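In: Below is the sequence, then the predicted model.
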2 protein chains.
Amino acid sequence: MRASDLVVPWPTLTLATPAIEAARILADADLPGLIVVDDNGAPFAVLPGTQVLRLAVPSYCQDDPTLAQLVDEAAADVFMRELGGRTVRECLPPRPHELPVVSSQVTVFEIAALMARTRSPLVAVVDGGVLQGAVTLHGLLDRVVPQ
Amino acid sequence: MRASDLVVPWPTLTLATPAIEAARILADADLPGLIVVDDNGAPFAVLPGTQVLRLAVPSYCQDDPTLAQLVDEAAADVFMRELGGRTVRECLPPRPHELPVVSSQVTVFEIAALMARTRSPLVAVVDGGVLQGAVTLHGLLDRVVPQ
């Protein structure tokens, strides 16, 4: 079983997509994460849901629980204020050490190891530089976990 | 808006739960992750889906893509072999620096910062040492992202 057997179509963002739109796509479709493509349609970033959330959390709060505590209860307003008007490019997290991107020929086992290693519940599948879609953690589990 | 407004009941594992059962619960219910409780019912570990997957990937392959490539296509068999007979205790990943566990009084904003920081799409909610349930990334987004 290879990536080509598990890949499903996946919505993409560009670097110019408004960050609020990214959060909305994630929320509305209950997706485990999103793929950002460059101008050539190749994956530029694969963002697990928790890292899309990172777009909306002010950077001064991300690594300091004490500062996060100081933000009062009107949290939805804070989220909107942070996201308002910014693009995905402007609030991408630092590029990870290893991007969860594979060719359609890798085995399901390599995908599982990559997901575990990068902590990403989705992996982008590329052939000849062109995005084919994604393999999700649950799509993979459904095929490999015996019932 | 606080954790108590967002918490939902969540299935738990114990350290004695068979690892194969953990993978099955995650797959069947399409959950973003699982909570492992200790003998007193307090959270011992919060496992994002990708870390449940880690239970099933032999440790010698997890951090070495070259070794993962050597596993042939019969990947489902490898998963079963790895999981067979082992308990959650025997294949827990190393304990994280920070456990995604909060009291029911923390704000939605602190939860978001914690999810982003720990890369966990679920956070366990505890009151007086007793597990109340979990807040999920999507449960949170549904409440804070403006439509």
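Out: Yes, it's here.
In: ok, which stretches of chain A are strands?
Out: If DSSP state E is used as the criterion, the strands of chain A fall at A:12-14, A:33-37, A:43-48, A:101-103, A:122-127, A:130-136.
In: where does chain A dip in pLDDT?
Out: Low-confidence segments of chain A, defined by pLDDT under 70: A:58-84, A:146-147.
In: Can you pull up the most central residue in it?
Out: Nearest to the mean C-alpha position of chain A, by CA atoms, centre = their mean, lies A:Leu47 at 2.0 Å.
In: quick one: buried residues of stretch A:90-102?
Out: Counting neighbours by 16 or more other CB atoms under 10 Å in any protein chain shown, one finds that the buried residues in stretch A:90-102 are A:Cys91, A:Leu92, A:Pro93, A:Leu99, A:Pro100, A:Val101, A:Val102. Backbone N, C-alpha and C define where each C-beta goes, glycine included.
In: tell me how far the ends of that stretch are from each other?
Out: The first residue of stretch A:90-102 is 26 Å away from its last residue (CA to CA, to the nearest Å).
In: Report the separation between the closest residue to A:Arg89 other than its chain neighbours and A:Thr87.
Out: Counting by CB to CB, 6 or more residues apart in numbering or on different chains, A:Leu15 is the residue found nearest to A:Arg89 once chain neighbours are left out, at 3.8 Å. Note on A:Leu15: its distance to A:Thr87, by CB to CB, to the nearest Å, is 7 Å.
In: Now A:Pro11: phi and psi?
Out: phi -70, psi 140 (degrees, to the nearest 10).
In: pretty sure it is touching A:Ile25, no?
Out: Yes. When contacts are counted by CB atoms under 8 Å, A:Pro11 is listed as touching A:Ile25 (5.9 Å).
In: Common neighbours of those two, please.
Out: By CB atoms under 8 Å, 6 or more residues apart in numbering or on different chains, A:Pro11 and A:Ile25 have these common neighbours: A:Leu31, A:Leu34.
In: Comparing these two, which residue is more hemmed in?
Out: Using other CB atoms under 10 Å in any protein chain shown, the more surrounded residue of A:Pro11 and A:Ile25 is A:Ile25, with 17 against 13.
In: so who does that one touch?
Out: Per CB under 8 Å, 6+ apart, neighbours of A:Ile25: A:Pro11, A:Leu13, A:Leu31, A:Leu34.
In: May I ask which of those residues has the most neighbours?
Out: A:Leu34 (25 neighbours).
In: For A:Arg95, see how far away the nearest residue to it once chain neighbours are set aside is.
Out: Nearest non-adjacent residue to A:Leu34, counting by CB to CB, 6+ apart: A:Leu47, 5.0 Å away. Relative to A:Arg95, A:Leu47 is positioned 11 Å away (CB to CB).
In: Next: A:Ser120.
Out: 13 Å.
In: same check, this time on A:Ser103
Out: 20 Å.
In: Which residue ranges of chain A form helices?
Out: Ranges of helices in chain A, per DSSP state H, are A:3-6, A:19-29, A:49-56, A:59-62, A:65-70, A:75-83, A:108-118, A:137-144.
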